[in-house]
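Peer 1: Structure, please.
(one chain, ligands or ions: 1)
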Amino acid sequence: MTITIIGTGFVGVVSSAVFASFGNVVYGLDVDEVKVRSLSEGKVPFFEPELEELVGKSLSKGNLRFTTSYEEAVSQSEIVIIAVGTPSAADGTADLKYVKAATESLAPYLQEKTIVAIKSTVPPGTNRQVEEIISKHTDKEVSVVSLPEFLREGVAVSDTLHADRVVIGATQEWAIEKLLDLHEPLDGERVVMRPESAQMSKYAANAYLAMRITFINQIADLCEKTGADILEVIDGIGFDKRIGRHYWYPGLGYGGSCFPKDVKELAAVSKKLGDENNILVLMDHINEARIPVKLNDFGEKIGGWEGKQVSVLGLSFKPNTTDMREAPSLKVIPYLQEKNAIIKAYDPKAMDEAKKVWPSLFYANDVNEALDQAEVVIVLVEWDEFANLDLGRMKDGGWLIDTRQMYDKKSVESQQLQYLGIGTV
Ligand SMILES: NC(=O)c1ccc[n+]([C@@H]2O[C@H](COP(=O)([O-])OP(=O)(O)OC[C@H]3O[C@@H](n4cnc5c(N)ncnc54)[C@H](O)[C@@H]3O)[C@@H](O)[C@H]2O)c1
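Peer 2: Coordinates of the predicted model:
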């Protein structure tokens with residue numbers, strides 16, 4: 001098939017590379033000329049494991065092309081996939097301006113019986129708005145469908161190839177058949193439903209996962225006050241098959257490019273519909289407030305942040321990505337700056353991104369330099385590199401603040417250091 005993927009961000013590049021790897025002709029389209037030039041040379045402008053190799057293979061075969069031309073790409077495509085960003089608007093709802101702009105641009109070049117698939121995370125009902133825009137430009141038969149994306153950054157290629165499920169929100173038989181064909185080489189259940197349900201499934205999945213994080217954080221806070229230990233509690237509840245031991249991440253709260261904005265969107269919609277007090281609204285408040293509360297608490301335990309040599313390890317929002325959207329570091333570093341801590345920052349991959357945010361922060365060249373003579377080390381992200389820190393480099397009596405459960409308290413204390421974690425005393 002010949003397909004166009006609009007938006008060469010995290011989702012768009014992964015989808016482009018994966019669909020091209022199956023022999024489809026894929027146009028990755030973006031309005032950002034710098035990005036398109038870099039991708040055309042085989043350079044992916046962010047870090048994602050396996051992605052650059054996959055892009056390179058199809059570029060050299062010639063069936064993956066990056067372009068800024070809607071005419072070139074869309075006029076040859078049977079399927080056009082919209083994968084542009086959908087950030088939060090000021091009131092928390094999803095801002096659809098990029099989806100609408102992309103639709104305006106693609107509509108004039110659509111061919112008879114093209115599928116326009118919305119992969120961006122959008123509220124149920126967005127298809128009608130997209131259809132309206134398209135109908136202003138063409139009377140060709142076009143099917144607007146929903147193809148929500150469930151990949152996780154850091155394991156995005158593998159998640160796409162080995163998806164748990166492929167959700168197709170479509171009602172026309174010819175479109176469903178074609179989309180099933182397109183996804184044929186991918187693993188996972190096929191789940192076909194109406195577009196509104198597909199779009200709600202995406203929000204519900206993210207809201208549910210964010211809720212597990214919020215829930216376990218609340219239990220972790222109670223553990224700290226009652227002498228329980230959160231990791232023991234996770235074992236205690238997790239062997240119950242209804243609950244499971246997976247996906248429990250006590251820490252500083254959820255971040256990243258999706259959970260915060262998707263919870264905010266559902267919360268804003270609930271509010272608009274008159275439901276001010278539901279769990280989504282509350283979750284958003286709890287998560288927003290969490291980092292300063294925990295940092296105040298740590299600050300009290302270490303005798304104040306002022307003048308302390310603090311090393312911050314992990315600046316991206318999770319391991320194996322350079323993405324810093326809603327990363328904990330974005331709240332932690334300004335907090336520490338305000339408290340006049342002396343900060344050293346380090347991340348295995350996201351340092352260039354961080355330098356755009358804090359050009360004059362002190363960055364360590366490697367993890368050992370970050371540890372040298374640190375009075376406090378705060379681990380924000382569970383990069384593999386942080387699993388075996390040479391803690392002996394820290395100042396004697398220093399504090400390891402482990403927000404990712406990477407260290408055992410006793411073994412840290414046996415090295416003349418003090419340990420602070422989440423959900424443990
Ligand atoms: N990042 C993830 O992990 C993830 C996972 C699942 C779903 N999603 C959803 O997928 C969508 C895309 O997310 P992302 O992280 O890839 O976004 P991103 O910000 O990394 O990329 C979006 C791209 O769209 C481009 N763009 C904007 N307007 C355009 C236009 N009119 N025409 C062409 N290109 C345009 C931008 O230049 C940018 O390169 C969002 O709705 C997001 O919620 C993201």
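Peer 1: what's the helix or strand for L209?
Peer 2: Under the criterion of DSSP states H and E, L209 resides in helix 195-226.
Peer 1: That helix - what's its average pLDDT?
Peer 2: Mean pLDDT, helix 195-226: 98.
Peer 1: Can I get stretch 206-217 in CSV, CA atoms only?
Peer 2: C-alpha atoms of stretch 206-217 as CSV (Å, rounded to 0.1, in the frame of the first residue of the first chain):
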residue,chain,number,x,y,z
ASN,A,206,-4.2,6.1,29.9
ALA,A,207,-6.5,7.3,32.7
TYR,A,208,-6.6,3.8,34.2
LEU,A,209,-2.8,3.5,34.1
ALA,A,210,-2.4,7.0,35.6
MET,A,211,-4.9,6.0,38.3
ARG,A,212,-2.8,2.9,39.3
ILE,A,213,0.2,5.2,39.7
THR,A,214,-1.9,7.7,41.8
PHE,A,215,-3.4,4.9,43.8
ILE,A,216,-0.1,3.2,44.7
ASN,A,217,1.4,6.6,45.6
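Peer 1: what comes up buried for that stretch?
Peer 2: 206-207, 209-214, 216-217 (16 or more other CB atoms under 10 Å). (Each C-beta comes from the backbone N, C-alpha and C, glycine too.)
Peer 1: now the helices: where do they sit in the stretch 101-250 of the chain?
Peer 2: Remark: helices assigned in the stretch 101-250 of the chain by DSSP state H, counting those that start in this stretch are 126-137, 156-161, 173-182, 195-226, 230-238.
Peer 1: So which of the ones you listed is nearest E288?
Peer 2: helix 195-226 (11.0 Å; CB to CB).
Peer 1: The residue in the stretch 1-150 of the chain that the ligand sits nearest to - nearest residue in space that isn't next to it in sequence?
Peer 2: Across the stretch 1-150 of the chain, the shortest distance to the ligand (CB to the nearest ligand atom) belongs to G9, at 1.8 Å. Excluding the flanking residues, the one nearest G9 by CB to CB, 6 or more residues apart in numbering is G85, at 6.3 Å.
Peer 1: My guess is that neighbour contacts F10. True?
Peer 2: No: in this structure, G85 is not within contact of F10 by CB atoms under 8 Å, at 9.5 Å.
Peer 1: Comparing those two, which shows the higher neighbour count?
Peer 2: F10 (24 against 19; other CB atoms under 10 Å).
Peer 1: residues touching the more buried one, list them.
Peer 2: 46, 48, 153, 156, 257, 323 (CB atoms under 8 Å, 6 or more residues apart in numbering).
Peer 1: go on, V31?
Peer 2: T68.
Peer 1: For it, grab phi and psi.
Peer 2: Backbone geometry at V31, expressed as degrees, to the nearest 10, gives phi -80, psi -10.
Peer 1: per-residue pLDDT, it?
Peer 2: Value for V31, per-residue pLDDT: 98.
Peer 1: Same check on V425?
Peer 2: 87.
Peer 1: The closest residue to it other than its chain neighbours: how many residues sit nearby?
Peer 2: Once flanking residues are discounted, V425 sits nearest to G227: 5.7 Å by CB to CB, 6+ apart. Close neighbours of G227, defined as other CB under 10 Å, add up to 8.
Peer 1: Wait, G227 touches T424, no?
Peer 2: No: the pair formed by G227 and T424 falls short of the contact definition of CB under 8 Å, at 9.5 Å.
Peer 1: which phi and psi does the closest residue to D159 other than its chain neighbours have?
Peer 2: The spatial neighbour of D159 that comes closest, neighbours along the chain excluded (CB to CB, 6+ apart), is L151 at 4.1 Å. Main-chain dihedrals, L151, degrees, to the nearest 10: phi -60, psi 160.
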